[in-house]
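> I would like the atomic coordinates for the input below:
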Amino acid sequence: MSGSSTNGTSTTGATGATASTAGSARLAAISAVTNYKPSAPALDFTKTPAAELYASNIFSKAVMKERLPKNVFKSVLKTIETGAKLDPSIADIVASAMKDWAIERGATHYAHVFYPLTGQTAEKHDSFLAPDGDGGAVTEFSGRQLIQGEPDGSSFPSGGIRATFEARGYTIWDVTSPAYILENPNGTTLCIPTAFVSWTGEALDKKTPVLRSMQALNKQVQRVLKLFGHTDGALVSSTAGPEQEYFLIDRNFFFARPDLLNAGRTLFGAKPPKGQEFEDHYFGAIPERVLACMLEVERELYKLGIPIKTRHNEVAPAQYEIAPVYETANQANDHQHMVMLTLKRVAEKYGMTCLTHEKPFAGVNGSGKHLNWSMGSATQGNLLDPGDTPHDNAKFLLLCAAVIRAVDKFQGLLRAVVATASNDHRLGANEAPPAIISIFLGDQLTDVFEQIKAAGGASKSLPKGTLTVGVDVLPPLPKDAGDRNRTSPFAFTGNRFEFRAVGASQSIAGPLVAMNTIIAESVDYVATRLEKDTAGDPSKLNGALQKLLQEIITQHGRIIFNGDGYSEAWHKEAEKRGLLNRKTTPEALVALKDKAVEELFEKYGVLTKRELESRYDIYVEQYCKTVRVEAKLTIEIARTLIYPAAVRYLNQLASAGANLKALGQNFCTGTIEKISELVKSLQESTAKLETELDKHGFADLTAEAHHFCDAVVPAMVAVRTAADGLEGYVADDLWPLPTYQEMLFIK
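Have a look, this model is predicted:
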């Protein structure tokens with residue numbers, strides 16, 4: 001009979017005991033969070049001022065000047081500042097000085113740090129100590145050990161460049177990015193930024209193409225500068241300042257969520273009663289525990305010479321941002337990896353987990369990595385600074401036009417380099433730019449280029465003006481000539497372009513490679529045209545320039561859009577203009593197979609055809625792997641956590657109904673019917689997902705990726721819909737997973 005067993009023990013009682021266990025992990029997590037106490041002593045921030053900490057753990061120019069012979073220092077400096085080839089004969093001297101400096105700071109090992117095509121940071125540690133043959137040890141670090149390391153080249157993604165039995169790969173010292181000390185409570189390590197290539201010399205990493213693309217950009221921009229009479233040859237570098245958005249949640253919640261632990265995002269979770277609709281978190285007062293974590297993160301980054309400038313609450317609850325000032329693109333990329341590692345490492349000390357996934361929580365804003373990009377040299381400064389009268393700044397207008405042409409011509413490539421399974425959840429929502437690539441120029445520059453388009457030249461610029469707010473005690477402020485546009489994927493923001501579509505978990509290397517190379521190609525185009533049209537006669541430059549600018553804005557002006565990128569009207573307008581709208585990763589990555597993209601990278605020596613093909617294969621495979629892991633987790637969590645909790649609650653309701661009926665009382669079965677319906681939907685959708693996941697026999701990786709995108713991802717959404725519906729009905733003490741309102745709001 002229902003509600004009893006042969007030994008007389010109530011199944012309701014047994015179910016209750018099991019149920020209390022079902023939610024124990026979640027309840028324990030809540031208890032641990034609400035009773036959190038710092039485990040580490042507070043920093044004595046008065047002991048050492050931040051200015052004294054800055055760059056204290058890097059083998060900087062100042063350290064090299066102090067420790068290296070004058071001629072050696074000049075040789076290294078020449079490589080760093082002009083891009084000249086490194087003199088290998090000085091390596092032993094630099095290595096010896098670097099070793100002594102590191103050992104004085106407690107180092108016992110050195111590590112070649114590199115950035116394989118996983119998109120993560122990799123390290124190979126070796127000891128300074130070597131046996132001396134007499135039972136003792138000596139410290140050794142030669143020039144060869146500094147310049148070259150040899151990690152396994154076949155155990156990282158290579159897209160077929162390296163087979164399993166072809167293991168040799170090399171790390172190569174990048175002198176332009178300074179070595180640094182990595183601190184640990186039990187010692188320190190000398191870290192040496194390196195490139196990572198195969199035995200055949202092909203790039204297996206993110207850094208090598210960045211360096212190649214910077215070299216290509218410098219070469220082409222020098223030609224433009226020469227046309228304007230600037231012949232000093234000062235190295236032109238692309239510069240970058242990536243803003244990093246991230247979430248912080250308590251580690252107890254993190255470990256109670258198998259989806260966060262394994263996929264970095266919640267695969268289930270009903271929308272909480274309160275989300276971000278009050279807009280009260282954005283730039284709000286930073287919670288004390290979070291601020292303490294931020295302060296320590298910043299102190300650690302200061303030691304590494306990373307120029308962190310900004311911290312604040314972001315839009316979503318539990319979301320934050322950290323941003324640096326500009327550096328050369330290569331250093332900015334290295335430092336961005338270090339920022340992500342430091343955020344994760346320090347967050348653990350404060351009992352939190354740092355989430356850099358693009359969409360860890362549905363229904364609230366996800367996280368991006370706005371990549372601010374410009375270019376300049378020591379003598380010319382920022383080449384994308386328009387000045388107060390941009391219509392008179394011919395050099396700026398030419399380079400800005402080159403960027404416009406580049407973005408329009410290679411819009412598909414720019415979309416491809418931000419295409420990942422995780423970023424698919426973010427792009428196009430009301431928090432991130434759409435998948436349609438367009439440029440926001442602002443009112444002032446748009447007006448200047450409209451004048452050029454109509455008349456071949458521009459005679460005025462919209463004035464900046466003054467902002468007054470009608471309060472006597474508040475001073476008037478200089479007002480920018482145009483507003484900002486947060487819906488644009490590629491926006492001009494005063495003296496730089498901001499590529500807003502980059503995902504929070506991504507390395508910025510891929511986007512940097514794309515931007516550097518397409519702009520190098522476009523600068524090459526404008527330089528070639530002007531060199532031909534002027535034939536060495538400076539007096540012809542102005543006329544040739546006006547004609548070229550008019551052609552570019554006429555042919556490529558379709559990419560400029562200053563309006564609402566979220567609107568349906570823009571999507572229709574973009575289609576009329578012939579702009580691409582590749583909404584998913586499998587659609588977007590096809591750009592890497594374009595003949596024009598292949599020729600682009602080969603022409604400027606950035607990626608060979610084989611290297612480019614390898615990246616396509618790697619990124620498609622990574623997409624498939626990511627979705628496969630998430631699908632397996634969805635099935636596992638649905639069957640082993642959510643389904644049992646729902647059935648237990650059904651059993652409780654059924655037992656309660658039977659007991660009331662026995663007493664002659666009516667019992668409304670509406671809730672039972674709704675839960676039964678959702679449980680059935682959960683079972684059916686989970687079975688459907690499993691069927692789609694088990695399908696095989698695809699022609700190639702591309703076909704498999706499209707199957708995951710078109711069949712597996714929608715099947716996962718169906719499972720989630722049923723599960724999230726159940727969360728609204730199942731008794732709170734039975735629900736096994738920490739909820740959104742707990743993770744986002746309990747600090």
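
> Which secondary structure state is assigned to Phe196?
At Phe196 the chain is in strand, as set by DSSP: H, G, I helix; E, B strand; the rest coil.

> how close does it sit to Lys595?
28 Å (Cβ to Cβ, to the nearest Å). All C-beta spots, glycine's among them, are computed from the backbone N, C-alpha and C.

> which one of these two has more residues nearby?
Phe196 (26 against 7; other Cβ atoms under 10 Å).

> so who does Glu611 touch?
Neighbouring residues of Glu611 by Cβ atoms under 8 Å, 6 or more residues apart in numbering: Ile161, Glu202, Ala203, Pro209, Phe601.

> ok, now how distant is it from Gly201?
The value you get for Glu611 to Gly201, if Cβ to Cβ is used, is 10 Å.

> and which of the contacts of Glu611 is nearest Ala705?
Ile161 (20.2 Å; Cβ to Cβ).

> So for stretch 62-80, what gets flagged as buried?
Across stretch 62-80, burial judged by 16 or more other Cβ atoms under 10 Å covers Val63, Met64, Arg67, Leu68, Val72, Phe73, Ser75, Val76, Leu77, Ile80.

> Give me the residues contacting it.
55, 61, 84-87, 90, 93-94, 97, 100-101, 175-176.

> All the helices of the stretch 51-200 of the chain, residue numbers only.
Using DSSP state H, counting those that start in this stretch, the helices found in the stretch 51-200 of the chain span residues 61-67, 70-82, 91-104, 143-147.

> Looking at Met375 now. What's its pLDDT?
Met375 carries a pLDDT value of 98.

> Pull the residues that contact the one helix or strand it maps to.
Secondary structure assignment for Met375, by DSSP states H and E: strand 371-377. Contacts to strand 371-377, defined as Cβ under 8 Å, 6+ apart, come from residues 217, 221, 225, 234-243, 326, 329, 382-384, 399, 493, 495-500, 502, 508, 511-512, 515, 519.

> Distance-wise, check the nearest residue to Ala263 once chain neighbours are set aside relative to Val717.
Residue nearest to Ala263 in three dimensions, not counting chain neighbours: Glu630, with 5.0 Å by Cβ to Cβ, 6 or more residues apart in numbering. Between Glu630 and Val717 the computed distance is 11 Å (Cβ to Cβ).

> what does Leu260 give?
Distance from Leu260 to Val717, by Cβ to Cβ: 18 Å.

> In terms of neighbours, single out the busier of those two.
Applying other Cβ under 10 Å to Leu260 and Val717 shows that Leu260 carries more neighbours, namely 26 against 14.

> so what's the more buried one up against?
With Cβ under 8 Å, 6+ apart, Leu260 has these contacts: Ile249, Phe253, Phe254, Thr266, Thr353, Leu355, Pro360.

> returning to that earlier point: buried ones in the helix or strand encompassing the residue nearest to Ala263?
Using DSSP H and E, Glu630 sits in helix 609-637. By neighbour count on 16+ other Cβ under 10 Å, the buried set for helix 609-637 is 611-620, 622-624, 626-627, 630-631, 633-635, 637.

> got it, and stretch 358-373?
For stretch 358-373, by 16+ other Cβ under 10 Å, it's 358-362, 364-373.

> Which parts of the stretch 551-700 of the chain are helices?
568-577, 585-588, 595-603, 609-637, 643-662, 670-693.

> Buried residues in the first one, which are they?
Buried residues in helix 568-577, counting neighbours by 16+ other Cβ under 10 Å, are found at Trp570, His571, Glu573, Ala574, Arg577.

> mind checking pLDDT for the first one?
We have a pLDDT of 93 for Trp570.

> ok, now which ones touch Arg257?
Per Cβ under 8 Å, 6+ apart, neighbours of Arg257: Thr266, Leu737, Pro738, Met743.

> For Phe247, see how far away it is.
For Arg257 relative to Phe247 (Cβ to Cβ), the value is 13 Å.

> Please tell me I have it right and Tyr170 contacts Asp152.
No: Tyr170 lies out of contact with Asp152 (Cβ atoms under 8 Å); the separation is 11.1 Å.

> Between these two, point out the one with more neighbours.
Tyr170 (20 against 12).

> show me where pLDDT drops low in the stretch 101-250 of the chain?
Within the stretch 101-250 of the chain, the segments meeting pLDDT under 70 span 162-167.

> Out of the helices and strands in the chain, which is least certain?
The helix or strand of the chain with the poorest confidence is helix 11-22; it has a mean of 42 (mean pLDDT, DSSP states H and E).

> quick one: the strands in the stretch 101-250 of the chain?
Ranges of strands in the stretch 101-250 of the chain, per DSSP state E, counting those that start in this stretch, are 107-114, 122-127, 129-131, 137-139, 148-149, 169-173, 180-184, 187-198, 237-242, 244-250.

> for Cys400, what are its contacts?
Cys400 neighbours (Cβ under 8 Å, 6+ apart): Leu384, Pro386, Leu445, Phe492.
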